[in-house]
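Engineer: When you get a sec, could you give me coordinates for this:
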Amino acid sequence: MVARTLNTYLVDNVTEALPLIVEDIKLHGNLIDTRNGPAYEFPYPMVITYRKPRERVLFCPIRDANPFFHFMESMWLLAGRKDVHWIAKFNKRMKEYSDDGQTFHGSYGHRWRHHFDFDQLKIVVDRLRKYPNDRRTVLTMWDPRSDLTPHNGHADLPCNTHVYFKLRDGVLDMTVCNRSNDLIWGALGANVVHMSYLQEYIARHVEAEVGTYTQFTNNLHAYKNILDKLEGLQERNLYKLNGIGPTVTFSFIETFDKELQQFMNYPYGHVNYQNGVFEELVIPMYDAWFCWQDAKTGYTEYQEDSYNERVDEALNHCKRIVDEDWRTACIEWLERRI
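Structural biologist: Okay, here's the model as predicted:
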C-alpha cells in the first residue's frame, strides 16, 4: 500500500504556486477550528521548491499583496532591525504582533544579525567561502532559551526556524524550515520575498549564482474566510507572459550593508550610493508610498496640492523604479485603490 504523507511542489515562482496550492489545500486539507477561526491545514508537512526564486513578486489582483510592504520588510530584515516604528509605516497591523509596541520578539533580521550576540550572516558567508562544499552552514532563528517556554508568553515567535545553505559548482541552493505557516500571508506572501532576498544576498557575497529555494513547512494552513475571497483565482505569471525579468539587487555587495543602514536611518539624506538598487528601486518605492499616504490621509506638504496631484506624484515615483516586476506590481496596487 502506498500512502501520501508529504505534499511536494516544484514551481518556477510564487505566482505559479499560489493557485495550485490554494486549490490543493481546499481539496485535500482538513478543516479545523483555531483561535482565529476555521482553517484548512494539510495533514502532512509540505515542501515547495522554487526554480527561479528571484521571480519573487506576486502578480495576483485578487490576492492584492502589498509590494511596498513586502519589499521594505525585506530590507528591514537584512538591516537586522526589530523596531516596530520603521516597519509599521508600511503596515500598521504589524503593531499587533509586538509585546510592548516598541520591538518584535522574533524578528528574523534581528535573529540573523544581533540576537545571539554575533552576526550569523557574516559567519555564513565566511564558512561558504572557506568550505564551498560545506554541510554545516545553518542559520538559526529559533532560540529555545526564549521561545520554548512552558506558557505562551509572546505575540511574535519565529515561524521560520532554520535556513540551510548548499554551495555546489558556483550555485547557491537554500532550504528554509518552518514550524507553522499561513499559506496566503506567509508562505506565498511575505516569506518568499524575505527569504529569496536573503538567498540572493548570500549568493552575491560568495560570488555564486542563485539556485533553488526550498521551503519546508511542518504545518501549512489557510483561513477559510481568506480562501473564500480567493474564489476564481487564476495564475497570472507576468514573468512568463510579458517576459519580465528581475534585475541584480546587490551590485556592490561590499558596501550594501553600510548603505542600507544609511537609508534606514536617513532615507532623505544625500548619499552617493554605489549600489544602484537604492536609486533605482528603494528610494522611488519609498517616495511613492509616502505620496500615497499623504493623498490618502488628506495631508499635503503644500496646502494647494490636491489628492489627484499627490496620487499622480506617487505613480510617477513608481515609474522611476527600474525593476520591471516591482514597478508593475506597485503601479497596479496603487491603481486598484485609486
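Engineer: who's in contact with the lowest-mean-pLDDT helix or strand in the chain?
Structural biologist: Using mean pLDDT, DSSP states H and E, the weakest-scoring helix or strand in the chain turns out to be helix 238-241, at a mean of 90. If you take C-beta atoms under 8 Å, 6 or more residues apart in numbering as the criterion, helix 238-241 is touched by 12-13, 15, 52, 55, 59, 244-245, 325, 328. Any C-beta I mention is one placed from the backbone N, CA and C, and that applies to glycine too.
Engineer: Helices of the stretch 51-200 of the chain, residue ranges please.
Structural biologist: With DSSP state H, counting those that start in this stretch as the criterion, the stretch 51-200 of the chain has helices at 67-78, 84-88, 108-113, 120-130, 144-147, 191-205.
Engineer: Now find how far off-centre stretch 104-111 is within its chain.
Structural biologist: Counting by C-alpha atoms, centre = their mean, to the nearest Å, stretch 104-111 is centred 14 Å from the centre of its parent chain.
Engineer: what comes into contact with it?
Structural biologist: 76-84, 94, 97-99, 120, 140-141, 143, 146-147, 154-158, 160, 194.
Engineer: Could you check how far Cys153 is from Thr8?
Structural biologist: One thing to correct before we go on: residue 153 is Gly, not Cys. Computed as C-beta to C-beta, to the nearest Å, the Gly153 to Thr8 distance reads 35 Å.
Engineer: what are the ranges of the strands in the stretch 201-338 of the chain?
Structural biologist: Taking DSSP state E, counting those that start in this stretch, the strands of the stretch 201-338 of the chain run over residues 209-217, 220-223.
Engineer: For my notes, confirm Thr8 occurs in a helix.
Structural biologist: No - counting by DSSP: H, G, I helix; E, B strand; the rest coil, Thr8 falls outside a helix, being strand.
Engineer: Give me the spatial nearest neighbour of it, chain neighbours excluded.
Structural biologist: Distance criterion C-beta to C-beta, 6 or more residues apart in numbering; nearest residue to Thr8, sequence neighbours excluded, is Val47 at 4.6 Å.
Engineer: where in the chain is pLDDT low?
Structural biologist: Applying pLDDT under 70 to the chain flags the ranges 1-5, 299-305.
Engineer: Can you give me the domain assignment for it?
Structural biologist: 7-240, 247-338 (automatic domain parsing).
Engineer: Serialize those domains to JSON lines and add fields for mean neighbour count.
Structural biologist: Shown next, in JSON lines, are the domains of the chain (neighbours: other C-beta atoms under 10 Å):
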{"stretch": "domain 7-240", "mean neighbour count": "18"}
{"stretch": "domain 247-338", "mean neighbour count": "17"}
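Engineer: ok so, going back, closest one of the contacts of helix 238-241 to Phe71?
Structural biologist: The closest of the contacts of helix 238-241 to Phe71 turns out to be Asp325 (C-beta to C-beta; 10.4 Å).
Engineer: so who does that closest one touch?
Structural biologist: 55-57, 238-239, 244-246.
Engineer: can you redo those residues as a markdown table with distance to Pro38?
Structural biologist: What follows is the contacts of Asp325, written out as a markdown table (distance: C-beta to C-beta, whole Å):
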| residue | distance to Pro38 |
| --- | --- |
| Glu55 | 32 |
| Arg56 | 30 |
| Val57 | 30 |
| Leu238 | 33 |
| Tyr239 | 34 |
| Ile244 | 37 |
| Gly245 | 40 |
| Pro246 | 37 |
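Engineer: wait, which of those residues is closest to Trp292?
Structural biologist: For the contacts of Asp325, with Trp292 as the reference and C-beta to C-beta as the criterion, the closest is Val57, at 18.2 Å.
Engineer: Adding distance to Glu280, write the strands of the stretch 201-338 of the chain out as TSV.
Structural biologist: Converted to TSV, the strands of the stretch 201-338 of the chain look like this (distance: least, C-beta to C-beta, whole Å):
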stretch	distance to Glu280
strand 209-217	19
strand 220-223	35
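Engineer: related to what we said a few turns ago, whatever helix or strand the residue nearest to Thr8 lives in - which strands sit beside it in the sheet, and in what orientation?
Structural biologist: Using DSSP states H and E, Val47 sits in strand 46-50. Using DSSP bridges, the strands paired with strand 46-50 are strand 7-11 (parallel), strand 209-217 (antiparallel).
Engineer: who does the helix or strand just after the first one touch, helix- and strand-wise?
Structural biologist: Toward the C-terminus, strand 7-11 is succeeded by helix 14-28 as the next helix or strand (DSSP H and E). Using 3 or more C-beta pairs under 8 Å, 6 or more residues apart in numbering; DSSP states H and E as the contact definition, the elements that helix 14-28 packs against are strand 7-11, strand 37-41, strand 46-50, strand 220-223, helix 224-229.
Engineer: that older thread, Phe290: which of the helices of the stretch 51-200 of the chain is closest?
Structural biologist: helix 67-78 (9.8 Å).
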